[in-house]
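Student: Structure for the following, please:
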Amino acid sequence: MSNAEQNLNFERIVRPHFDRLYRLAWRLTGNKAEAEDLFQELLVKAYGLLDDLVAIEEPGSWLSRVMYNLFVDQHRRYTRQRMHLVDEGHLPGAGLADLAGDLDPVTDIERLENLMRLDAALGQLSEEHRLIVLLHDTEGYKLKEIQDITGVPVGTIKSRLHRARARLRDILSPDGTFS
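Tutor: Here you go, the predicted model:
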């Protein structure tokens, strides 16, 4: 198939679904720039799979599914990078001891264990709750900034933050304290 024929087939098959696919990208990402990137990534992938796409009965549904899978893959890459424990040798200055003053080895081990427990507890939260806690409590974003990032209303963010903190308390200890 010539390049011109490929372009015509792509136009004929994919163009009728542009509006619907862009709206889906917008809903998935909640952000214009990310929606445009996701939409463009879908078009590049679809062009590369044009031979398969020609044979598909419902290209709109297939394209939507491919877009969703691209979004999930991007989201997984992001969440894998979400939080890493830091060894004392990798911190500037004196490391963990610099953060807490003069600590004995037992206290250092307890702090490291607490960080590991906290990371495991964060892993038990839903994606929505973990994201809100990490943005607000770890990264220090204000509620309005989180709203701008996620597209979620401030009231919902407050609710998710409250529920996430309560869930963390339940996970970390039965009496709600973190040792």
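
Student: Helices of this structure, start to end?
Tutor: Counting by DSSP state H, one finds helices in the chain at the ranges 3-14, 18-29, 32-48, 50-54, 59-80, 96-100, 105-124, 127-133, 143-150, 154-172.

Student: which helices and strands does the last one pack with?
Tutor: Spelled out, it's helix 154-172. Here helix 154-172 touches helix 105-124, helix 127-133, helix 143-150, going by 3 or more CB pairs under 8 Å, 6 or more residues apart in numbering; DSSP states H and E. C-beta here means a position set from N, CA and C on the backbone, and glycine is covered the same way.

Student: Residue 11: how many residues sit nearby?
Tutor: Residues within reach of residue 11, counting by other CB atoms under 10 Å, total 10.

Student: list the contacts for it?
Tutor: With contacts defined as CB atoms under 8 Å, 6 or more residues apart in numbering, residue 11 has no neighbours.

Student: The residue nearest to residue 20 when sequence neighbours are not counted and residue 74, how far apart?
Tutor: Ranked by CB to CB, 6 or more residues apart in numbering and with sequence neighbours excluded, the top spatial neighbour of residue 20 is residue 60, at 6.5 Å. Distance of residue 60 to residue 74, computed by CB to CB, to the nearest Å: 21 Å.

Student: Could you break this structure into its assigned domains?
Tutor: 3-80, 88-172 (automatic domain parsing).

Student: Pipe those into JSON lines and attach mean pLDDT per row.
Tutor: JSON lines is the format used below for those (pLDDT from 0 to 100):
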{"stretch": "domain 3-80", "mean pLDDT": "83"}
{"stretch": "domain 88-172", "mean pLDDT": "76"}
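
Student: separation between the residue at minimal distance from the centre of the chain and residue 50?
Tutor: Nearest to the mean C-alpha position of the chain, by CA atoms, centre = their mean, lies residue 75 at 4.2 Å. Distance from residue 75 to residue 50, counting by CB to CB: 26 Å.

Student: Next: residue 160.
Tutor: With distances taken as CB to CB, residue 160 is found 41 Å from residue 50.

Student: same thing with residue 21?
Tutor: Here the criterion is CB to CB. By it, residue 21 lies 16 Å from residue 50.

Student: out of these two, which sits in the more crowded spot?
Tutor: Neighbour comparison, residue 21 and residue 50: the larger count goes to residue 21, with 21 against 16 (by other CB under 10 Å).

Student: which residues touch that one?
Tutor: The contact partners of residue 21, by CB under 8 Å, 6+ apart, come to 39, 42, 60, 63-64, 67.
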